[in-house]
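**Student:** Pasting a predicted model and its sequence here:
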Amino acid sequence: MKLVLNKDVMSIEKEQDVVPFRNRVKEYAVKIGMSLVNQTKLITAASELVRNMLKYGGGGVTIIEVISQGRDNGIRLVFQDKGPGIKDISLAMKDGYSSGKSLGIGLPGAKRLVNEFDIKSTLGEGTTVSIIKWKNG
Amino acid sequence: MSKDIGKLLQKNKKHILEDWMTRQLADATLREDLMSNEELREQSNELLNALLKNITDHTIDTQSAAFDEVNEIISGISISRARQGFTPRETGIYVFSLKDALQKSLEGEIKNDPQLLYDSSIQVNKMMDDLGIMTFETFIKGREEVILRQTSEITEISTPVIQVWEGILALPIIGTLDSARTQVVMENLLQEIVETGSTIAILDISGVPAVDSLVAQHLIKTVAATRLMGAECIISGIRPEIAQTIVHLGIDLSNIVTKASLASALKYSFGLLQIQVKKSPNKV
Ligand SMILES: Nc1ncnc2c1ncn2[C@@H]1O[C@H](COP(=O)(O)OP(=O)(O)OP(=O)(O)O)[C@@H](O)[C@H]1O
Ligand SMILES: [Mg+2]
């Protein structure tokens, strides 16, 4: 069972919100004693997802949670937007697929950088991505 | 507001000033450490003079040209107070205690005309509220100007191009590499390549906290532009945690020469330029 120890909500509307959000994530990761490598992986994944939310979802809300399961602590991040949604999730999760002439590694790369990755999307309603990085994962 | 009220307040100026001063001096937030009582009295007198001079119209419009002088004095006071270390609350109390003093004076003078007392009180209150809001706006504007100036200073100073050797440029990048920064970095770098005739550029990313796909793309673009100018571009300062993250993320930097430190990038550059750096065998 996962227990939520701490919860923080930040809204992301513009490019300038990205760095403060990343810094907040880092603060929590440092607080629970996450290793430097895991911190960097988490922040990079967060960066990808928050940028997608801005670029394709028109901004949205992020939730930062400190969670615990058994002896391990971790950080869960949720990215929620009310954008157009993703038509074909398995295509969007493919390396190199981009509808925006970009590298197309944001989603699949973020998935590789974290321990748990969940994406839900409904056309016309929006997209929610949720990730977990364990302190020692 | 009738002209009479303006005159009436004008006539009572001395009293109003005394009452206002008493209220200010009695307040717990008085900052004698920041401003002497004489100074405070002088400042208050100046503001009250300007204010009463302008209460002559039927309606008081703090946005009108007639109020320019008052607005200027208020802005000056709140900016200098912000710099002196007053809190917005303390500056607010300064203005709002004048409101109380003016109100008191109206009550004392208009004893048998409740309608007039009501009307003029509303107007005086509205005017003072406007002036109160203005002190906050000015206070915040002062702060924002400082932030804006710092932001542009940071962008400027954080992208220096250094010639570390003849033909070798180094560019330490500190902070996040967003699109605007990349533009500045690229322009500075390409310009310096032309001016110094350098053939090698080292981009050092020791000070970049995270390399996500956007930063990577900006780096790749900068390297490509440098190559178009006929120079080689090396990326140095890739910390171990960044290297691991880049690999997992799936960014392909295999076409770019990367080095762990600026020193090793420099050494590699010496090799390319066939420069030998040797310890001299004898003391010179
Ligand atoms: N929040 C979202 N809302 C709608 N569509 C999205 C969202 N996030 C991703 N997508 C879609 O999924 C595709 C793949 O996303 P991914 O992050 O992997 O690549 P990218 O953003 O195009 O490029 P990169 O992240 O490498 O710069 C996007 O091109 C976009 O079409
Ligand atoms: Mg992306």
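**Tutor:** Arrived safely. Numbering: from 1, shown residues only, chains lettered A, B, ... in the order given. Ligands and ions are numbered 1, 2, ... in the order given.

**Student:** Can you pull out the low-pLDDT segments for the stretch 51-200 of chain B?
**Tutor:** Low-confidence segments of the stretch 51-200 of chain B (pLDDT under 70): B:56-59, B:155-158.

**Student:** Show me what the host helix or strand of residue B:127 is packed up against.
**Tutor:** In this assignment (DSSP states H and E), residue B:127 forms part of helix B:114-157. On a contact count with 3 or more C-beta pairs under 8 Å, 6 or more residues apart in numbering or on different chains; DSSP states H and E, helix B:114-157 meets helix B:68-84, helix B:88-109, helix B:179-196. Where C-beta positions appear, they are placed from N, C-alpha and C, glycine not excepted.

**Student:** Now the element after that helix, going C-ward?
**Tutor:** Beyond helix B:114-157 on the C-terminal side, the first helix or strand identified by DSSP H and E is strand B:162-165.

**Student:** Quick one: the helices in chain A, in order.
**Tutor:** All helices of chain A, identified by DSSP state H, fall at A:18-31, A:36-55, A:89-92, A:106-113.

**Student:** So which of the ones you listed is nearest residue B:86?
**Tutor:** Of all the helices of chain A, helix A:18-31 sits nearest to residue B:86, with 28.0 Å by C-beta to C-beta.

**Student:** is any part of that closest one close to ligand 1?
**Tutor:** No: judged by C-beta under 6 Å from any ligand atom, helix A:18-31 and ligand 1 are separated, with a smallest distance of 13.2 Å.

**Student:** Only the buried residues of that helix, if you could.
**Tutor:** Across helix A:18-31, burial judged by 16 or more other C-beta atoms under 10 Å in any protein chain shown covers A:18, A:21-22, A:25-26, A:28-29.

**Student:** List just the nearest of the residues you listed to residue B:136.
**Tutor:** Checking the buried residues of helix A:18-31 against residue B:136 by C-beta to C-beta gives residue A:21 as the nearest, at 28.1 Å.

**Student:** since we're on the nearest residue in space to the closest one that is not next to it in sequence, how many residues are nearby?
**Tutor:** Among residues not flanking residue A:21 along the chain, residue A:10 sits closest, at 5.4 Å (C-beta to C-beta, 6 or more residues apart in numbering or on different chains). Neighbour count of residue A:10, defined by other C-beta atoms under 10 Å in any protein chain shown: 14.

**Student:** Return the residues in contact with residue A:10.
**Tutor:** Residues in contact with residue A:10 (C-beta atoms under 8 Å, 6 or more residues apart in numbering or on different chains) are A:17, A:20-21, A:24, A:61-62, A:64.

**Student:** Now tabulate those in a markdown table and tack on pLDDT.
**Tutor:** A markdown table is the format used below for the contacts of residue A:10 (pLDDT from 0 to 100):
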| residue | pLDDT |
| --- | --- |
| A:17 | 88 |
| A:20 | 90 |
| A:21 | 95 |
| A:24 | 95 |
| A:61 | 97 |
| A:62 | 97 |
| A:64 | 97 |
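
**Student:** quick one on the thing from earlier: out of the helices of chain A, nearest to residue B:29?
**Tutor:** Taking C-beta to C-beta, helix A:18-31 is the member of these nearest to residue B:29, at 32.0 Å.

**Student:** tilt between that closest one and helix A:36-55?
**Tutor:** Counting by axes from the mean of the first three to the mean of the last three C-alpha atoms, to 10 degrees, helix A:18-31 lies at 150 degrees to helix A:36-55.

**Student:** Off-centre distance for helix A:18-31?
**Tutor:** Distance of helix A:18-31 from its chain centroid, counting by C-alpha atoms, centre = their mean, to the nearest Å, is 12 Å.

**Student:** And the residue of chain A closest to ligand 1?
**Tutor:** residue A:106 (2.2 Å; C-beta to the nearest ligand atom).

**Student:** Skipping its backbone neighbours, what lies nearest that residue in space?
**Tutor:** Among residues not flanking residue A:106 along the chain, residue A:48 sits closest, at 4.0 Å (C-beta to C-beta, 6+ apart).

**Student:** Look through the stretch 101-250 of chain B and state the residue closest to ligand 1.
**Tutor:** Residue nearest to ligand 1 within the stretch 101-250 of chain B: residue B:213 (3.9 Å; C-beta to the nearest ligand atom).

**Student:** Cross-check the contact I'm expecting between that residue and residue A:49.
**Tutor:** No: between residue B:213 and residue A:49 there is no contact under C-beta atoms under 8 Å: 11.2 Å.

**Student:** which of the buried residues of helix A:18-31 has the weakest pLDDT?
**Tutor:** Among the buried residues of helix A:18-31, residue A:18 has the lowest pLDDT, at 91.

**Student:** Just list whatever residues bridge to the nearest residue to residue A:11 once chain neighbours are set aside.
**Tutor:** Leaving aside its chain neighbours, residue A:11 sits nearest to residue A:61 (5.2 Å; criterion: C-beta to C-beta, 6+ apart). For residue A:61, the beta-bridge partners under DSSP bridges are residue A:11, residue A:80.
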